[in-house]
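1. coords below, sequence missing:
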């Protein structure tokens, strides 16, 4: 059984402040917890109703501890409107920025993405296409926010997520690509760019997606080799595409070009 | 000033039951209300703080009535965490299904889309690419749900939104396309379909997107001329793309093919 202290502690991890202090995040629900237990992530504790522990007892052994809890206690700790059968307390992984390489395909960078749903969807989309690394500016929504974690549908365990300064990461990438006699291209989604259907994508490539309302910061726009635009219908008065949709279309464009 | 009765009435339109009973929906926020006032929509009432009415008095004349309201009353009526400066009560438009034609490009059909954010994003994406008509099954989330309306970012006023039976709409389209000696192709997003990069899109085309969890219903899958799939990386274990992202990529594929 969980103590009231432990229940309060786990609930506190719904807040960024405590996630940062303890280096832990919360995963909720059957599918997500199973995927995390099956991954390289360190699962500190699984809290689940008795039936879930019984069915998944082998998997639970991969966690540092497993605890049968009452549905009422899950309800206290959960951020979901319908409390899950299972929650897990998981260590936030620390990926090293210097292991980022363009050898594994496109690198995605996010310049101030604020909506948790968009962030989660971006991670899920990256996972689908096999993107290995995402680097977000520090003012982007936190990767380990419960709404982000949920929206990734498990992809949070398969994409390496970094926070950092885009300028310095691109500087380091430029050096390492030049060392192997290649050339790095940095693409950015923008309103007044080259028609994406005419872009000749480089294999060593970075794609930067800007903030939902303001797009790319001027200092970020300065880092680009090419601004790219998804053509809008001549008859449309729409101002922009959703950031996640624009990213999805541009990532697809990169990979369709590679696979051709 | 608004009576308490009127405030209760407007607030009641946050609920589907009352929207359906009265044929009215609510729009919130500066940008959205302005776009609706500038459109063919019938705006029954604009409720705004005094300064907004002053700045926009000409535009307000396009509504049947305009009312200065206290911020406190907007807070009572609003569904947003930060109440807006302006809200509008707007008539739900009735578009006729028999005016749908493939002459204006791709037709988008939605088979049980449930998430309001996804629905709003789908409408916004359709607007960007110039799609004129969307037809959703009756079990899809309602177009006039406040979260859908917000997520469209104004596109709700520019895409014709229908509810209906996909089978019968496709039957009618088939007849009218055959009458003009063309052929209608019905594409559907599916896990086991043709690689989308190899699809030869017809100009007269319908794209059907399925439910977030279950995809296309078997009866809907029967309507397809071709199942299409967005290729997944060989190294990825992701189960699926978000429905809005998949739709965005497929719509982009149709229009890139047309524009080539």
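-> Right, received. Where do you want to start? These figures come from a predicted structure and were not determined experimentally. Numbers count the residues shown, from 1 in each chain, chains lettered A, B, ... in the order given.
2. going by C-alpha atoms from here, please, whenever you check contacts or count neighbours.
-> Will do.
3. the closest residue to residue A:1 other than its chain neighbours - how many residues pack around it?
-> Spatial nearest neighbour of residue A:1, excluding adjacent residues (CA to CA, 6 or more residues apart in numbering or on different chains): residue A:69 at 5.9 Å. Using other CA atoms under 10 Å in any protein chain shown, residue A:69 has 19 other residues around it.
4. so residue A:69 sits against residue A:51, correct?
-> No - taking contacts as CA atoms under 8 Å, residue A:69 lies outside contact range of residue A:51: 10.4 Å.
5. okay, buried residues for the helix or strand of chain A with the lowest mean pLDDT please.
-> When the helices and strands of chain A are scored by mean pLDDT, DSSP states H and E, helix A:166-179 comes last with a mean of 92. Buried residues in helix A:166-179, counting neighbours by 16 or more other CA atoms under 10 Å in any protein chain shown, are found at A:166, A:170, A:172-174, A:176-177.
6. could you export those to a markdown table, including columns for distance to chain B?
-> Shown next, in a markdown table, are those (distance: CA to the nearest CA, whole Å):
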| residue | distance to chain B |
| --- | --- |
| A:166 | 25 |
| A:170 | 24 |
| A:172 | 26 |
| A:173 | 23 |
| A:174 | 25 |
| A:176 | 24 |
| A:177 | 23 |
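7. for the record, mean pLDDT for the host helix or strand of residue A:190?
-> Secondary structure assignment for residue A:190, by DSSP states H and E: strand A:185-195. Mean pLDDT, computed over strand A:185-195, is 94.
8. that strand: what's the following helix or strand?
-> That would be, after strand A:185-195 and using DSSP H and E, strand A:205-210.
9. partner strands of that following strand and their direction?
-> strand A:107-111 (parallel), strand A:185-195 (parallel) (DSSP bridges).
10. can you give the distance of the longest one from its chain's centre?
-> Put plainly, it is strand A:185-195. Centroid separation for strand A:185-195 versus its chain: 22 Å, with CA atoms, centre = their mean, to the nearest Å.
11. same question, the first one
-> With CA atoms, centre = their mean as the basis, the distance from the averaged C-alpha position of strand A:107-111 to the chain average is 10 Å.
12. ok and it relative to helix A:166-179, angle-wise?
-> In terms of direction (axes from the mean of the first three to the mean of the last three CA atoms, to 10 degrees), strand A:107-111 departs from helix A:166-179 by 160 degrees.
13. likewise for the longest one?
-> With the same axes, to 10 degrees as the criterion, the two stretches strand A:185-195 and helix A:166-179 enclose an angle of 110 degrees.
14. quick check: which element contains the closest residue to residue A:112 other than its chain neighbours?
-> Distances taken as CA to CA, 6+ apart place residue A:140 nearest to residue A:112, at 4.2 Å, with adjacent residues excluded. For residue A:140, there is no host helix or strand (DSSP H and E).
15. now swap in residue A:7 and tell me
-> Here residue A:7, judged by DSSP H and E, is contained in helix A:4-12.
16. next: residue A:84.
-> Secondary structure from DSSP H and E places residue A:84 outside every helix and strand.
17. mind checking pLDDT for it?
-> For residue A:84, the pLDDT comes out at 95.
18. residue contacts, it?
-> By CA atoms under 8 Å, 6 or more residues apart in numbering or on different chains, residue A:84 lies in contact with A:28-30, A:74-75, A:78.
19. could you look over the strands paired with strand A:205-210 and pick the most buried one?
-> Ranked by mean neighbour count, the strands paired with strand A:205-210 are led by strand A:107-111 with a mean of 24 (mean count of other CA atoms under 10 Å in any protein chain shown).
20. contacts for it, please.
-> Residues contacting strand A:107-111 (CA under 8 Å, 6+ apart): A:126, A:131-137, A:139-140, A:166, A:205-211, A:216-217, A:220.
21. can you flag the buried ones in those?
-> Of the contacts of strand A:107-111, these count as buried by 16+ other CA under 10 Å: A:126, A:131-137, A:140, A:166, A:205-211, A:216, A:220.
22. what comes into contact with the helix or strand hosting residue A:148?
-> Element membership of residue A:148, judged by DSSP H and E, is helix A:146-151. For helix A:146-151, contacts defined as CA under 8 Å, 6+ apart pick out A:14, A:25-28, A:32, A:79, A:116-121, A:124, A:142-143, A:156.
23. so which of those are also by chain B?
-> Among the contacts of helix A:146-151, the ones lying near chain B by CA under 8 Å from any CA of the partner chain are A:121, A:124.
24. inside helices: which ones of the contacts of helix A:146-151?
-> Using DSSP state H, the subset of the contacts of helix A:146-151 located in helices is A:32, A:116-121, A:124.
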